[in-house]
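**Q** my questions concern the predicted model and sequence given below.
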Number of protein chains: 2
Amino acid sequence: MTEFKVNTDAVRKVLDVVKAAGRDALTAPEGKLVADAYGIPVPGEGLAGSADEAARLATGMGYPVVMKIVSPDILHKTEAGGVIVGVKSGAEAKAAYDTILANAKSYKDTARIEGVQVQQMLKGGTEVIVGSITDQSFGKLVAFGLGGVLVEVLKDITFRLAPITRDEALKQIDSIRARELLEGVRGSAAVDKSALADIIVRVARLVTDFPEIVELDLNPVFATAQDAVAADVRIVVDFTYKPREQTRTHEEIVAGMKRIMEPKAIAVIGASNEAGKIGNSVMKNIVGGGYKGKLFPVHPKADEILGIKAYRSVKDIPGEVDVAVFAIPAKFVPAALIECGEKKITGAVLIPSGFAEANEPELQDEVVAIGKKYDIRLLGPNIYGFYYTPQNLSATFCTPFDVKGSAALSSQSGGIGMAIIGFSRSAKMGVSAIVGLGNKSDVDEDDLLAFFEQDKHTNIIAMHLEDLKDGRAFSEAAIRVSKKKPIVVLKAGRTSAGAAAAASHTGALAGNDKIYEDVFGQSGVIRARSLRQLLEFARGVPLLPTPKGENVVIITGAGGSGVLLSDAVDDNGMALYRIPEDLDAAFRKFIPPFGAAGNPVDITGGEPPETYKKTVRLGLEDERVHALILGYWHTIVTPPMVFAKLMVEVRDEMKAKGIEKPIVASLAGDVEVEEAAEYLYQRGIPAYAYSTELPVEVLGAKYKWARGAGLI
Amino acid sequence: MTEFKVNTDAVRKVLDVVKAAGRDALTAPEGKLVADAYGIPVPGEGLAGSADEAARLATGMGYPVVMKIVSPDILHKTEAGGVIVGVKSGAEAKAAYDTILANAKSYKDTARIEGVQVQQMLKGGTEVIVGSITDQSFGKLVAFGLGGVLVEVLKDITFRLAPITRDEALKQIDSIRARELLEGVRGSAAVDKSALADIIVRVARLVTDFPEIVELDLNPVFATAQDAVAADVRIVVDFTYKPREQTRTHEEIVAGMKRIMEPKAIAVIGASNEAGKIGNSVMKNIVGGGYKGKLFPVHPKADEILGIKAYRSVKDIPGEVDVAVFAIPAKFVPAALIECGEKKITGAVLIPSGFAEANEPELQDEVVAIGKKYDIRLLGPNIYGFYYTPQNLSATFCTPFDVKGSAALSSQSGGIGMAIIGFSRSAKMGVSAIVGLGNKSDVDEDDLLAFFEQDKHTNIIAMHLEDLKDGRAFSEAAIRVSKKKPIVVLKAGRTSAGAAAAASHTGALAGNDKIYEDVFGQSGVIRARSLRQLLEFARGVPLLPTPKGENVVIITGAGGSGVLLSDAVDDNGMALYRIPEDLDAAFRKFIPPFGAAGNPVDITGGEPPETYKKTVRLGLEDERVHALILGYWHTIVTPPMVFAKLMVEVRDEMKAKGIEKPIVASLAGDVEVEEAAEYLYQRGIPAYAYSTELPVEVLGAKYKWARGAGLI
């Protein structure tokens, strides 16, 4: 957090007055006092008792100024000749002071004169908005946008979590669509972004220090090449507002999650011998999946389930139990959960539905209260369960999953969870975990982030979610975790509910989805635009080595693919490397004379395998190149599997020399290219048949992550 | 074309003066003359000889006005008290006239007075730009955008082919992103769009009548609730410019294309018995594909190719030949093409590469000249050939394709063509034709449109292209054809080349890709955003019946899918139908009490097949519902294939009753859903596993087409 001096006492004093008066908004002068206390520039003003003082004050705040008579006996200042606008110099200020006093005297010679108010006149520059809102999920947010009616229409405004660093505030300023306008267009000067960033940082600090400030508008802020000044300060307060508190430490969260995800002993409450029952499926899957820990079926009558000794209650189980998987109807959950608490079981996987999602919020509240009382972490309810492959654990009624790998996935919805399982199995995607979060009565995405952060089996975290119970906790975790592992999120549901009711301008401009978008960006989260993209990113991104720089080169057999791949590079936030002459000449040695110069490197269609091999090897060997996109064109001369095997060969040859760069491939050709794409994918080269966009999207996601994590 | 009176003579006169003077731009007064001649409103002005006349003139042009002395003896009008601004009424105008004359007299009593100029003052309102540019491919275009620096930054400008109808101009105005601004924000009045449309129509007419006007800017146009007036007219001319001319009639194009696509007799020049040679592959594919017409191999020495009698030259072939497929090296093409001409063969399929794409433009020019001389239509060169399944014709070196259907596809690139073939085969996509266009030395996309328009086997046209040789011809064809059949285009290559060099403001704002985007929209062309989307649209769109209205309903087993499907509906330009109470109640009868109200209809996850069946049947039966999106969730109760078969059954049951509505499906579940999706797709219900976006994109494309064609 940026350090600067603030006067919290002054703000507290103002707020106390507002509170005592039972108001929910500050007056303009109160707003100015608050701004002054936090060093937020507002138009300068002062009271002059002499012509010299008027000139000194005016020079201090900068010209032009407006000067006004201050007298309890003169109500109509203008009529009295007591206002002079557009004063442009010290000499003019002195003259204006004398004129105003003379006019006042001649208007009413008995008037008591307190002096002349000198006020800075704001005009010119670019009008922007700085504001703050308080979001139910994310808490304090600062906003920045352009002012004026057009931007209101285009909603060109951007949000960040408060507090905020100066660097992040500068990034925020640069993230508006019309940023060009701040940099000077048609000969106008660039605004002082540093002054704007300073205001954002101070506003963020203010609302953090005083959470009761629930909305704030500086609108407009006049930004010029020299400074930025807020012409109007509007502050809305809610003295009942309390920021959400974290009840657990990071260590407690990790410890609790580890007992769920890596249990040494599991109880299955509602285990059953009857095929078709959930309690039977769960037992079969835990056993069949190869789980090596202790397993205790719990059943009111049976002595054995699937040949394993059963217990009447968890309380009868000898020794420690880490987690209980619930496979009983909703109404029986509270009683069983109390028994878990008494048994000191700290994790409950609540598969049953019939809670909040089924109009039974009270039942869910009861369960949550029991969980709190006994300090049991609750996963669900209303979930399919979870998979954790390093433990061979399939604690779910869905069939076991055994392709081990480094992608951890989660879903809020059971249906989407099933799609994740299906896709993963179909694509042979290596998975560390698949977790259902369902109603998120307790465990949610930030708990998962804490676990997967320290899980050495996980290299990417991909999440489907519809909302975040505690967006701030999620973001704080994501900022930390995304530095180490990519986090991809598919955020479903785009509504602006609540925005219409906002009291402030900033609030009215804040769409719910826009906040998610911006805070994800701030937190290093990669946002997937579709379910397939979430899945493809989970599959492809962890396979790619991290690029060491931004120089992307396309090597293609099909000119047409090269053009589409170039479009995709642009669409996915990368740029084609402008290949230096010597490297261009080196590529040209391998390709026919009519092959296209530059990037894409167009090796042309009729070339033998050797041409692919030589050019790709050159791209990998030359240290100025950081990533390769391959465009393969199916020909008789270089059939698909020949190409695929060759590429893996070259990649391995380079790897042996310590050279590792991300490679993705687009395969254009007849159906045989599908097998070739699969061959490449299974060997660490994300490859797609009939698509020029998908491989580039995967590479783009890797780049986005690497930039966010500060690795390039 | 909208009819209105214009004065072409007046414009011709102005342009003659400009031409004689060797200028390439008009002066401001010349611009005003041109605007007046075409009824484009510019600030009114007139010379008053009396106070009454001044009042009459001012009232005629609307207040406020500015009034100025006109005298050859008064140079400094303001100094002479000869200028009065902000005149607001007839009375003020009379008084101003008298004041100005009196001032002039007292300033210089000998001054000759010609009168007082009355000029309309423009201010207030919204600043917009109307302009025109001349594009190499599309010819005359009109542009509309908002004025001001912010829009320049955001490039919120839109283009249309000129001439233009009033309706299309109104649509153009509404297509800018900041359209809300024109409709009045923050209490300001809406602008008179009809007045703006009128200006656009007139500008379009002007540049069509006078093609030498290559750029035109009305910038700014002041638009108010009452009118729209161009404050400044800037016109750039190029007297050497000639619009492209069409050399063939529509009937000639269709006749020529039919002889290529539906030939009764084919010659293969370069036919070969030698495996691996292109001439061998082409022969094998034509024979193996099942072509039933006459086939004449041409070979300099062989007597038979694949057992078919061969000829030394096409000239030796007895009887008529419609098309010659070339499978010989580039350098031999000209001589063989001359022989084709002499044989009156009107179509040549030029497979060989080695022309413009390989730095041999002269060779291509030579071939084009021969084609022109003998009136031979040339497909290619540098192509894989083409497929036309209604004739079982595979005139290509790629393997035969035999899944007959209604999608006609084309590609500019061979690589992308191979991807089309591979995807089509893999997806069992029904195809009428796949055509390679390659270098487009002659036959191009508008020729294909003309053929597929009348081809009863084709119901959708999907094209990959990098540029359009003649964008205007393409658009004119597309406007006509898209009323009957959907046209989907993947436009590759997004550059703004040339824009920087433009002389006008409009020109500088015109990105090449933006013009394609806008003209495609105007022409009813659906733009695919990726190669996969082009292919999925070609596959899915023709399967769907045309919706009869905009009321889209989602029926889903998975709430999570419902949310993502809703997002996708929004993303793809549709809106969820607000289900009326009675219909909502009817749906509720079939679903559990905690199923969600409204749309999506959430039947919840654990439901038996009957619930899917009843709700889908209701959605199909109720005539207020126009399209269904299904979200299936894999459960033991309703396995994937049970769901799939049931959906086809309900669809067929309704079809038998004459009810046909588009249905698409998203399947979430384990790998078995892939088979179910395939089953549905093959039976006319576009269905995708693990994707909530793809089915909705396909439905959205159908809607986009139906709206453009005026069917809903």
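**A** Arrived safely, thanks for sending.

**Q** can you list the domains in chain A?
**A** A:8-40+A:124-237, A:45-120, A:248-382, A:401-543, A:546-708 (automatic domain parsing).

**Q** starting at the chain centroid, how far to the shortest one?
**A** The reference is to domain A:45-120. 52 Å (Cα atoms, centre = their mean, to the nearest Å).

**Q** end to end, how far does it reach?
**A** The straight-line separation of the ends of domain A:45-120 (Cα to Cα, to the nearest Å) is 6 Å.

**Q** with the last one instead?
**A** Domain A:546-708 has an end-to-end distance of 12 Å (Cα to Cα).

**Q** any chance of the domains of chain A in TSV, plus mean neighbour count, distance to residue B:82 and mean pLDDT?
**A** Heads up, the C-betas are built off the backbone N, CA and C, glycines and all. Formatted as TSV, those follow (neighbours: other Cβ atoms under 10 Å in any protein chain shown; distance: least, Cβ to Cβ, whole Å; pLDDT from 0 to 100):
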stretch	mean neighbour count	distance to residue B:82	mean pLDDT
domain A:8-40+A:124-237	20	32	92
domain A:45-120	17	27	91
domain A:248-382	19	80	96
domain A:401-543	22	47	90
domain A:546-708	21	59	95
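
**Q** can you list the ones you listed in CSV and add distance to residue B:357?
**A** Shown next, in CSV, are the domains of chain A (distance: least, Cβ to Cβ, whole Å):
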stretch, distance to residue B:357
domain A:8-40+A:124-237, 38
domain A:45-120, 64
domain A:248-382, 56
domain A:401-543, 33
domain A:546-708, 7
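
**Q** now the residue in the stretch 251-400 of chain A positioned nearest to chain B: how far from residue A:324?
**A** Across the stretch 251-400 of chain A, no residue is closer to chain B than residue A:358, which sits at 4.0 Å (Cβ to the nearest Cβ). In this view, residue A:358 and residue A:324 are 22 Å apart by Cβ to Cβ, to the nearest Å.

**Q** where along the stretch 501-650 of chain A do the strands fall?
**A** Secondary structure of the stretch 501-650 of chain A (DSSP state E, counting those that start in this stretch): strands located at A:526-527, A:552-556, A:601-602, A:627-633.

**Q** and for the second one, what's in contact with it?
**A** Pointing back at strand A:552-556 there. A:562, A:565-566, A:569, A:574-577, A:579, A:599-603, A:612, A:615-616, A:619, A:625-633, A:699, B:415 (Cβ atoms under 8 Å, 6 or more residues apart in numbering or on different chains).

**Q** quick one: the strands in the stretch 51-200 of chain A?
**A** A:65-70, A:83-87, A:115-120, A:126-135, A:139-146, A:157-161.

**Q** which one of the ones you listed lies closest to chain B?
**A** strand A:139-146 (7.3 Å).

**Q** what is the closest one packed up against?
**A** strand A:126-135, strand A:157-161, helix A:166-174, helix A:193-209, helix A:505-509 (3 or more Cβ pairs under 8 Å, 6 or more residues apart in numbering or on different chains; DSSP states H and E).

**Q** residue boundaries of the helices in the stretch 1-150 of chain A?
**A** A:8-20, A:28-37, A:51-61, A:90-107, A:149-154 (DSSP state H, counting those that start in this stretch).

**Q** so what's the residue nearest in space to the middle of chain A up against?
**A** When Cα atoms, centre = their mean is applied to chain A, the residue found nearest the centroid is residue A:520 (0.8 Å). Neighbouring residues of residue A:520 by Cβ under 8 Å, 6+ apart: A:478, A:489, A:491, A:526, A:527.

**Q** residue A:431 now?
**A** With Cβ under 8 Å, 6+ apart, residue A:431 has these contacts: A:387, A:389, A:401, A:403, A:404, A:405, A:407, A:408, A:409, A:424.

**Q** pretty sure the first one sits in a helix.
**A** No: with DSSP: H, G, I helix; E, B strand; the rest coil as the criterion, residue A:387 is located in strand rather than a helix.

**Q** state the distance from it to residue A:457.
**A** Relative to residue A:457, and taking Cβ to Cβ, residue A:387 is found at 12 Å.

**Q** name the helices or strands packed onto the host helix or strand of residue A:259?
**A** Using DSSP states H and E, residue A:259 falls within helix A:250-261. Here helix A:250-261 touches strand A:347-350, strand A:377-379, strand A:385-388, helix A:445-454, going by 3+ Cβ pairs under 8 Å, 6+ apart.

**Q** can we see that at 7 Å?
**A** Other helices and strands packing on helix A:250-261, by 3 or more Cβ pairs under 7 Å, 6 or more residues apart in numbering or on different chains; DSSP states H and E, are strand A:347-350, strand A:377-379, helix A:445-454.

**Q** what's near enough to touch residue A:170?
**A** A:193, A:197 (Cβ atoms under 7 Å, 6 or more residues apart in numbering or on different chains).

**Q** what sits up against stretch A:369-376?
**A** A:334, A:337, A:338, A:340, A:341, A:345, A:346, A:347, A:348, A:378, A:442.

**Q** so what's the gap between that stretch and the chain middle?
**A** Using Cα atoms, centre = their mean, the offset of stretch A:369-376 from its chain centre is 31 Å.

**Q** for stretch A:422-439, same thing?
**A** Distance, centroid of stretch A:422-439 to centroid of chain: 22 Å (Cα atoms, centre = their mean).

**Q** check stretch A:462-473 too.
**A** Per Cα atoms, centre = their mean, the centroid offset for stretch A:462-473 relative to its chain is 10 Å.

**Q** so which of the strands of the stretch 501-650 of chain A is nearest residue A:276?
**A** Closest approach to residue A:276 among the strands of the stretch 501-650 of chain A is made by strand A:526-527 (39.7 Å; Cβ to Cβ).

**Q** now do the contacts for the nearest residue to residue A:295 once chain neighbours are set aside.
**A** Once flanking residues are discounted, residue A:295 sits nearest to residue A:266: 5.4 Å by Cβ to Cβ, 6 or more residues apart in numbering or on different chains. By Cβ under 7 Å, 6+ apart, the contact set of residue A:266 is A:286, A:293, A:295, A:296, A:322, A:323, A:325, A:395.

**Q** go on, residue A:704?
**A** Taking Cβ under 7 Å, 6+ apart as the test, what residue A:704 contacts is A:526, A:573.

**Q** distance of it from residue A:167?
**A** On the measure of Cβ to Cβ, residue A:704 and residue A:167 end up 18 Å apart.

**Q** against residue B:487, how distant is residue A:422?
**A** From residue A:422 to residue B:487 the distance is 35 Å (Cβ to Cβ).

**Q** contact residues of the stretch 51-200 of chain A facing chain B?
**A** For the stretch 51-200 of chain A, the residues in contact with chain B (Cβ under 7 Å from any Cβ of the partner chain) are A:149, A:150, A:152, A:153, A:154, A:177, A:178, A:180, A:181, A:185, A:186.

**Q** wait, what's in contact with the fourth one?
**A** The neighbourhood of residue A:153, defined by Cβ under 7 Å, 6+ apart, consists of B:178, B:180, B:181, B:185.

**Q** now the first one. Nearest residue, chain neighbours left out?
**A** Read that as residue B:178. Nearest to residue B:178 is residue A:153, by Cβ to Cβ, 6+ apart, at 5.0 Å.

**Q** for residue A:146, see how far away the one you found is.
**A** The value you get for residue A:153 to residue A:146, if Cβ to Cβ is used, is 11 Å.

**Q** what about the helices in the stretch 501-650 of chain A?
**A** A:505-509, A:512-522, A:531-540, A:559-571, A:581-588, A:609-621, A:640-656.

**Q** ok, which of those comes nearest residue B:32?
**A** helix A:505-509 (41.9 Å).
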